[in-house]
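Student: Any chance you could fold what I've pasted below:
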Amino acid sequence: MSGGGQPGSPARFSPSDYAAKLRLALPEEPGTLPDGGHPVGAPTDFHKLAEDVRSYLAAPRGMTEEERRSYSERLNRAVLGFPKERSELLAVISDRLMRKRVHRLPDYSHPYGSLAEALFAEVIGLNVLELVLQDKEGLEEIQVVGTRIYEVREGLTTASTYRFSTVADVERIQQNLVLFNNDRINPRKRWAEVSLSDGARVTMTGFGFTAEPTLTIRFYTVKRFSLAALCEPAFGTMDDAVRRLLLGVLSARLNLVVIGPTNSGKTHLLKALLAEVPDEERIVTIEGRFELMLRREFPDKNVIEYETDEEDPLHKSAQAFKLALRQSPHRIVHAEIRDEDANIYVRACTRGHAGSMTTVHANTLEDVPEAVTDMCMLDGRAMNPERLAKRIAAYVAQVGIEMRTVNGRRRIVRIGRYAWRDGGIVVDDWARYDPRSDSWQIRQGAPTC
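Tutor: Next up, the predicted model:
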């Protein structure tokens, strides 16, 4: 229905029209009373009615595959606390109740303004996580282990003041998410993942795979990405001298690797580095889950983005690398070197793709060549590990960057150049962060711009 205003004015939101647009409106069901009362055989138990609404939302009719994906994303976003989608789904639930002629449930009381809101809280809502989501400023991740809740803000993890009453509440949220994605968590498959197009994602596990049900919600936060921005006091990731050093590394097209714990700022740094690359340079990114979102952040860049699935032989990272190498990339950005694709990435870096970037799980910069060598040796090929490590130091991990969270800030704590001397790999420090003086020391002779 359109509003009665002037031509060109925004249309008034109608629950019935919105339900029709989503093609959720079902035919009138047998037994509906014409006088507006409860339909014959209608559930009088709240939980049965909640199951009816849950099934109704999960099984839309008459949609194309593309419409179904779009609709599933709306459901996911509503469950994850996005206001616009929540208001839309509340309208759909209200419309469902009107069509079923269910206005109230005898002998059932609830603290909500309407029966539709009570059903929304049960079917879509996040229970006590609703209280956490009320303060989304700086919220990057919600971690649930059993009934305990942890909040990650600006890279720091703290115990929440809220917690679930029972693990059954956590399992209900899990079931809502998997149901709306045609997935499952059950004794045969005790985990699931949900990803949204804007980068927000949910990872969940159930009893038997983990000791307690878990739920990790990681939100995609839109921020400015540039090396200059990371020098600002709000970030404090580096100072201007480090920025000029990194610009020198980019200009010299040295292959680099970033290490650091989870939430230490590795992805932010990669984006900031890529922001400095000329738009015409062909960049290929290979990720297990889209996180960099370069096309969204930098729409004018010449970027191809791969999302791999290691459980699908046709779309594993190895296949992505094979295709990427045929697409004339100047730089390859690999989200994280893993066992399966270490050899391919090493070959890519030694065949003319200078300036490539990746991350590696390692404790120190000195551990990186050995860690990559170990992964390369896992495929069973007969290789000399010393020669391979030397090759990695010379071509793959030419420059290492270490990220840490220090005094509540994500910092670059070390930048080093790999070299092979006296029969072994050494790291010549170009920059180090001193927490006592809260400053960086730059080695004379390091490349700068």
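
Student: Strands of the stretch 101-250 of the chain, start to end?
Tutor: Applying DSSP state E, counting those that start in this stretch to the stretch 101-250 of the chain gives strands spanning 139-145, 148-153, 156-163, 191-195, 201-205, 214-218.

Student: so where's this structure shaky on pLDDT?
Tutor: Applying pLDDT under 70 to the chain picks out residues 1-44, 180, 182, 196-199, 221-224, 379-382.

Student: before we move on, the earlier item: among the strands of the stretch 101-250 of the chain, single out whichever gets nearest to Ala348.
Tutor: Among these, the nearest to Ala348 by Cβ to Cβ is strand 191-195 (25.7 Å). For every residue, glycine as well, the C-beta is placed using N, CA and C.

Student: Can you list the buried residues in the closest one?
Tutor: For strand 191-195, the neighbour count (16 or more other Cβ atoms under 10 Å) marks Trp191, Ala192, Val194, Ser195 as buried.

Student: got it, and stretch 83-98?
Tutor: Glu85, Arg86, Glu88, Leu89, Leu90, Ala91, Val92, Ile93, Ser94, Asp95, Arg96, Leu97.

Student: CA atoms only: put that stretch into PDB for me.
Tutor: C-alpha atoms of stretch 83-98 as PDB (Å, rounded to 0.1, in the frame of the first residue of the first chain):
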ATOM      1  CA  PRO A  83      17.200  -3.200  13.300                       C
ATOM      2  CA  LYS A  84      15.800  -2.800   9.800                       C
ATOM      3  CA  GLU A  85      15.400  -6.500   9.200                       C
ATOM      4  CA  ARG A  86      14.000  -7.000  12.800                       C
ATOM      5  CA  SER A  87      11.200  -4.500  12.200                       C
ATOM      6  CA  GLU A  88      10.400  -6.200   8.900                       C
ATOM      7  CA  LEU A  89      10.200  -9.700  10.400                       C
ATOM      8  CA  LEU A  90       8.100  -8.400  13.300                       C
ATOM      9  CA  ALA A  91       5.700  -7.100  10.700                       C
ATOM     10  CA  VAL A  92       5.600 -10.500   8.900                       C
ATOM     11  CA  ILE A  93       4.900 -12.300  12.200                       C
ATOM     12  CA  SER A  94       2.100  -9.800  12.900                       C
ATOM     13  CA  ASP A  95       0.700 -10.500   9.500                       C
ATOM     14  CA  ARG A  96       0.900 -14.200  10.000                       C
ATOM     15  CA  LEU A  97      -1.200 -13.900  13.200                       C
ATOM     16  CA  MET A  98      -3.800 -11.700  11.500                       C
END
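
Student: next one: that stretch to chain centre, how far?
Tutor: Averaging C-alpha positions (Cα atoms, centre = their mean, to the nearest Å) puts stretch 83-98 26 Å from its chain's average.

Student: same check, this time on stretch 320-340
Tutor: In terms of Cα atoms, centre = their mean, the gap separating the centre of stretch 320-340 from the centre of its chain is 20 Å.

Student: Double-check that Glu340 belongs to a helix.
Tutor: Yes. Assessed by DSSP: H, G, I helix; E, B strand; the rest coil, Glu340 belongs to a helix.

Student: rewinding a little: adding distance to Gln327 as columns, could you present the strands of the stretch 101-250 of the chain in TSV?
Tutor: What follows is the strands of the stretch 101-250 of the chain, written out as TSV (distance: least, Cβ to Cβ, whole Å):
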stretch	distance to Gln327
strand 139-145	32
strand 148-153	35
strand 156-163	39
strand 191-195	24
strand 201-205	26
strand 214-218	29
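
Student: who wins for proximity to Gln444 among the ones you listed?
Tutor: Closest to Gln444 of the strands of the stretch 101-250 of the chain is strand 156-163 (Cβ to Cβ; 34.8 Å).

Student: name the helices or strands packed onto the closest one?
Tutor: Counting contacts by 3 or more Cβ pairs under 8 Å, 6 or more residues apart in numbering; DSSP states H and E, strand 156-163 is packed against helix 129-133, strand 148-153.

Student: Val333: which of the buried residues of strand 191-195 is nearest?
Tutor: Ser195 (18.9 Å).

Student: Please compute how far stretch 236-255 lies from its chain's middle.
Tutor: Relative to its parent chain, stretch 236-255 has a centroid offset of 27 Å by Cα atoms, centre = their mean.

Student: whoops, stretch 424-440 was the one
Tutor: Centre-to-centre, stretch 424-440 and its host chain are 31 Å apart (Cα atoms, centre = their mean).

Student: Could you check it and say which residues are buried?
Tutor: Buried-residue list, stretch 424-440, by 16+ other Cβ under 10 Å: Ile425, Val427, Trp430, Ala431, Arg432, Tyr433, Trp440.

Student: wait, which of the strands of the stretch 101-250 of the chain is closest to Arg411?
Tutor: The nearest among the strands of the stretch 101-250 of the chain, by Cβ to Cβ, is strand 156-163 at 13.0 Å.

Student: Tell me which strands that closest one pairs with, and in which orientation.
Tutor: Here strand 156-163 is paired, per DSSP bridges, with strand 148-153 (antiparallel).

Student: Determine the set of other helices and strands touching the top strand by length along the chain.
Tutor: In the chain, assigned by DSSP state E, the strand with the most residues is strand 409-421. Using 3+ Cβ pairs under 8 Å, 6+ apart, the elements in contact with strand 409-421 are helix 240-251, strand 399-406, strand 424-434.

Student: okay if I get those as JSON lines plus distance to Asp309?
Tutor: Putting the helices and strands packed on strand 409-421 into JSON lines (distance: least, Cβ to Cβ, whole Å) gives the following:
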{"stretch": "helix 240-251", "distance to Asp309": "31"}
{"stretch": "strand 399-406", "distance to Asp309": "27"}
{"stretch": "strand 424-434", "distance to Asp309": "34"}
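
Student: Out of those, flag the one nearest Ala348.
Tutor: Closest approach to Ala348 among the helices and strands packed on strand 409-421 is made by strand 399-406 (16.6 Å; Cβ to Cβ).

Student: neighbouring contacts of that closest one?
Tutor: 155-156, 249, 254-261, 263-266, 269, 364-365, 368, 410-418, 427, 430, 433, 435 (Cβ atoms under 8 Å, 6 or more residues apart in numbering).

Student: can you give me the helices in the stretch 301-449 of the chain?
Tutor: For the stretch 301-449 of the chain, helices defined by DSSP state H, counting those that start in this stretch occupy the ranges 317-324, 342-349, 368-377, 385-391.
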